[in-house]
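Trainee: I'd like to go over a predicted model; first the sequence, then the structure.
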Amino acid sequence: MARNHGLARCLVLASLVLFATAGFSADKAAPKAKYSAEQANKKITVVAEGNNPTSGWKNELTASPVGVLPPEFKLTQTAPEGAALQVIRAFTVKATVEVAAPVEHVFVTDGAGRHKVSVKQAQ
């Protein structure tokens, strides 16, 4: 009898985990990110930071093709497939490009649109 009670408890817990994660999918709004950018010598580094609502998210920051000024970046965030742990997970991703002259701002595009990010000049 105790064995059946334990099996029932496991089935209930598994159902709760699947129900709790069912609302997150790749076509849902991705987590929001904060952006910063710094230029040192001839390199600009852009950083995206934020929190994912579950484990398993893939966050990738990529630069546009060489020669685009001001430089443009794209943050791609992909939700996990299937069940995921319901824990908030911080993320930080970076991308670097080389430029010939000082740059005042860059653009980052994400699921919420295009953002203008001021570039801090390293001392």
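Mentor: Done, it's in.
Trainee: Can you show me the helices along the chain?
Mentor: 2-21 (DSSP state H).
Trainee: Pick out the residue nearest the middle of it.
Mentor: In the chain, the residue lying closest to the centroid (C-alpha atoms, centre = their mean) is N59, at 3.8 Å.
Trainee: quick one, what contacts that residue?
Mentor: Contact analysis of N59 by C-beta atoms under 8 Å, 6 or more residues apart in numbering lists A33, A48, G50, N52, L75, T76, Q77, F91, V93. Every C-beta, even on glycine, is put in place using the N, C-alpha and C of the backbone.
Trainee: What separation do you get for it and P102?
Mentor: N59 sits 28 Å away from P102, taking C-beta to C-beta, to the nearest Å as the criterion.
Trainee: what's the least confident helix or strand in this protein, going by average pLDDT?
Mentor: Using mean pLDDT, DSSP states H and E, the weakest-scoring helix or strand in the chain turns out to be helix 2-21, at a mean of 41.
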